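> Sequence first, predicted coordinates after that:
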Amino acid sequence: MPRIAEIEGTPNPNAMKFVLRDPLTWGVSRSYDNAGAAKDDPLACALFDIEHVTNVFYVDHWITVTQDGGADWQELTRTVAAPIRAALAADAQSAATVAAATTAIAGLSPENQRRLDKINALLDEQIRPYLQGDGGDLHVLGLDGTKLSVHYQGACGTCPSSIAGTLAGIENLVKSIEPDIEVVAI
């Protein structure tokens, strides 16, 4: 059962980040935009059962819960904390489980896989730590020629600055290694 170490606001006023003493996963992120998508995840289901919860994102030692803006965070935080505390902490996961969640996008040529690996390394180093610090993350969905498709997760998924400033910053950074790239948020 994870213990909550800290509760932090995020740049998204509708999202709150819960920092945990015990991990929920071992390096595998879980992101849900609705209750239907979370049907196989007991923690996410319990959170979506709470009125106003619209998004759940978690990985390792933290979870971000996003609401629709219709609830007072002080009250909602207490309600959301109960299923988080009741959740099972991460068990040691097999290498196969972690590998399955982090495998390359299917169907890429070896050259495009190398390109994607370089892009992901750059994102891991210069973008994801900041997004994760704010209760979100970025998942690469695809690489098609010069088009890189990404999906914001957690607090970043509904944050107004994600689509405006952050996306342009990501594209400019990736252009340092792929000058013709276009980054599109899905």
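Ah, there it is. Residues are numbered from 1 along each chain as shown.

> three-state assignment of Ile170?
helix (DSSP: H, G, I helix; E, B strand; the rest coil).

> now do Thr25
Assignment for Thr25 (three-state DSSP): coil.

> got it, and Asn34?
Relying on three-state DSSP, one would call Asn34 coil.

> and it, how many residues sit next to it?
Number of residues near Asn34 (other Cβ atoms under 10 Å) recorded here: 13. All C-beta spots, glycine's among them, are computed from the backbone N, C-alpha and C.

> got a list of what it touches?
Applying Cβ atoms under 8 Å, 6 or more residues apart in numbering to Asn34 gives the contacts 48, 54.

> how close does it sit to Gln67?
13 Å (Cβ to Cβ, to the nearest Å).

> Find residues that contact each of these two.
Thr54.

> So which residues make contact with the helix or strand where Gln113 lies?
For Gln113, the element it lies in under DSSP states H and E is helix 110-126. Here helix 110-126 makes contact (Cβ under 8 Å, 6+ apart) with 104-105, 108, 138, 140, 143, 148, 170, 173-174, 176-178, 181.

> Just the buried subset of those, please.
108, 138, 140, 143, 148, 170, 173-174, 178, 181 (16 or more other Cβ atoms under 10 Å).

> For this protein, which segments are assigned as strands?
Counting by DSSP state E, the chain has strands at residues 4-9, 15-20, 30-32, 53-59, 62-67, 136-144, 147-154, 182-185.

> what's the offset of the first one from the middle of its chain?
In other words, strand 4-9. Computed by Cα atoms, centre = their mean, to the nearest Å, the chain-centroid distance of strand 4-9 equals 17 Å.
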